[in-house]
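> predicted model, plus sequence, below.
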Amino acid sequence: MTAALLRSALRRREAASWMSSRGFASASGQQRKVAILGAAGGIGQPLSLLMKLNPMVSHLSLYDIAGTPGVAADVSHINTRSEVKGYAGEDQLGAALEGSDMVIIPAGVPRKPGMTRDDLFKINAGIVKSLCEAISKYCPNALVNMISNPVNSTVPIAAEIFKIKGVYDPRRLFGVTTLDVVRAKTFYAGKANANVADVNVPVIGGHAGITILPLFSLATPSANLSAEEITALTKRTQDGGTEVVEAKAGKGSATLSMAYAGAIFADACLKGLNGIPDVVECSFVQSTVTELPFFASKVRLGKNGVEEVLGLGHMTDFEKQGLEALKPELKSSIEKGIAFVHDN
């Protein structure tokens, strides 16, 4: 082996080791095209970087209204498997989407200080609506990972658009709530003095404020935390986005941690598509675990997307109270998304 080939092999091994240590799967030979809509934004750029590092991605399609060719050129210089192409403007959206196995949507405006996720609704709802109309035309069988906020409303918007277009498959539409799980794991590990890499915390409900309900009673490894500590951890997980917005003092929202969480969930979806067994993540999906039509809970992922929506498991009285408290707000957000489609 020549010195150049040896260096190349070592770089590939180092990249694979880095990905494996962070829970990403190794390549299994399938050709998977992933499209990121909103790739030039605050979430889209680091998400594009992380997906370029994923060995299961063979084609990475980056789309935004502007700026994407530069992002694509930058990311394409990274010496990993996937081919990268950038697309800009509405006239290139179809080409960006065509043939995609998975579409990740971080497009939209970010939260600013004093702005709730509901304040984002009017702007981001229209963006999501138009993007989903294009998805229904150019890659109707793709898995769709919705990051655009407010997720509690944008997922129902996507579902209604797909229904109208005759391509709705509830197994293939996901609201990405992984950041809530990432935060819950991090905050819990700090209080429990546990290795955060070993921690798991299911988070149910929705993806905004009190609709985010971490089930710390089911966290592993278990820890003997007081009721006051559990209450504080729950509140911090629910307010995690606001914590970042305020810390950035009007100059941004949770972009880096959201990109990481989006990449983790996308990796899980790709594992499922590739037939890797027992892939379980929390996600906001069409559900019957409560009376609400959409709900976040653990789901088992497979070749068709959602293979099974798992039950909530045993809950403490505190968690049961939180569940009942979140239902009216989540119901309202879901109905608001559905109404937006039919009113527009």
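Structure received. What you are looking at is a predicted structure, and each value in this text was computed from that prediction instead of being measured.
> how about the lengthiest helix in the chain: buried residues?
Looking across the chain with DSSP state H, the single longest helix is helix 317-343. Residues of helix 317-343 classed as buried: 319, 322-323, 326-327, 329-331, 333-334, 336-338, 340-341 (neighbour count, 16 or more other Cβ atoms under 10 Å). Every residue, glycine included, has its C-beta placed from N, CA and C.
> equivalent analysis for stretch 246-254, please.
253-254.
> can you check stretch 234-249 too?
Buried residues in stretch 234-249 (16+ other Cβ under 10 Å): 234, 236-242, 244-245.
> any regions of the chain where pLDDT drops low?
Confidence mapping of the chain against pLDDT under 70 gives the ranges 1-29, 111-113, 115-118.
> which residue ranges make up each domain of it?
The chain breaks down by automatic domain parsing into domains covering 25-175, 178-343.
> circling back to that earlier point, tell me which strands and helices the longest helix of the chain is in contact with?
Applying 3 or more Cβ pairs under 8 Å, 6 or more residues apart in numbering; DSSP states H and E, one finds that helix 317-343 contacts helix 121-138, helix 151-165, strand 203-205, strand 212-214, helix 227-238, strand 294-302.
> using CSV, write out every CA atom in the last one.
In CSV, the C-alpha atoms belonging to strand 294-302 read as follows (Å, rounded to 0.1, in the frame of the first residue of the first chain):
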residue,chain,number,x,y,z
PHE,A,294,-50.4,13.1,17.0
PHE,A,295,-48.2,12.5,20.0
ALA,A,296,-44.5,12.0,20.8
SER,A,297,-43.5,8.7,22.3
LYS,A,298,-41.1,5.9,21.6
VAL,A,299,-41.4,4.4,18.1
ARG,A,300,-39.7,1.4,16.6
LEU,A,301,-38.2,2.3,13.2
GLY,A,302,-37.9,0.0,10.2
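> what's in contact with it?
Here strand 294-302 makes contact (Cβ atoms under 8 Å, 6 or more residues apart in numbering) with 152, 155-156, 159, 175, 177, 180, 202-207, 268-269, 271-273, 275, 278-287, 289, 306-312, 330, 334.
> just after that strand, pick out the following helix or strand.
strand 305-309 (DSSP states H and E).
> now do that next one: which elements does it pack against?
Short answer (3+ Cβ pairs under 8 Å, 6+ apart): strand 305-309 packs on strand 173-175, helix 256-273, strand 279-286, strand 294-302.
> deepest of those, which one?
strand 173-175 (a mean of 29; mean count of other Cβ atoms under 10 Å).
> now do the buried residues in the helix or strand following it.
The first helix or strand that comes after strand 173-175 along the chain, using DSSP H and E, is helix 178-192. Using 16+ other Cβ under 10 Å as the test for burial, helix 178-192 gives 178-189, 191-192.
> one more: stretch 48-68?
48, 50-65, 67-68.
> next one: stretch 298-310 to chain centre, how far?
How far stretch 298-310 lies from its chain's middle: 15 Å, per Cα atoms, centre = their mean, to the nearest Å.
> number the chain from 269, please
Done: numbering now begins at 269, and the last item shifts to stretch 566-578.
> what's the span of it from first residue to last?
Terminal residues of stretch 566-578 are spaced 5 Å apart (Cα to Cα, to the nearest Å).
> which residues does the residue lying closest to Val325 once chain neighbours are set aside contact?
In this structure, Val325 finds its nearest non-sequential neighbour in Ser350, 4.4 Å apart by Cβ to Cβ, 6 or more residues apart in numbering. Listed by Cβ under 8 Å, 6+ apart, the contact partners of Ser350 are 319-320, 322, 325-328.
> mind checking which of those residues land in helices?
Secondary structure of the contacts of Ser350 is defined by DSSP H; positions in helices are 319-320.
> from the contacts of Ser350, pick the one nearest Leu524.
Met319 (14.4 Å; Cβ to Cβ).
> surely the closest one and Phe533 touch.
No - using Cβ atoms under 8 Å, Met319 is not in contact with Phe533; the gap is 11.3 Å.
> thought Ala607 was touching Ile425, still the case?
No - here Ile425 does not reach Ala607: they are 9.7 Å apart, not a contact under Cβ under 8 Å.
> let me see the contact set for Gly357.
333-334.
> ok, Ala460 next?
Taking Cβ under 8 Å, 6+ apart as the test, what Ala460 contacts is 467, 487, 489, 491, 493.
> tabulate those in TSV, adding columns for neighbour count, distance to Gly312 and secondary structure.
Formatted as TSV, the contacts of Ala460 follow (neighbours: other Cβ atoms under 10 Å; distance: Cβ to Cβ, whole Å; DSSP: H, G, I helix; E, B strand; the rest coil):
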residue	neighbour count	distance to Gly312	secondary structure
Val467	19	28	coil
Ala487	22	31	coil
Pro489	12	35	coil
Ala491	16	36	coil
Leu493	17	37	coil
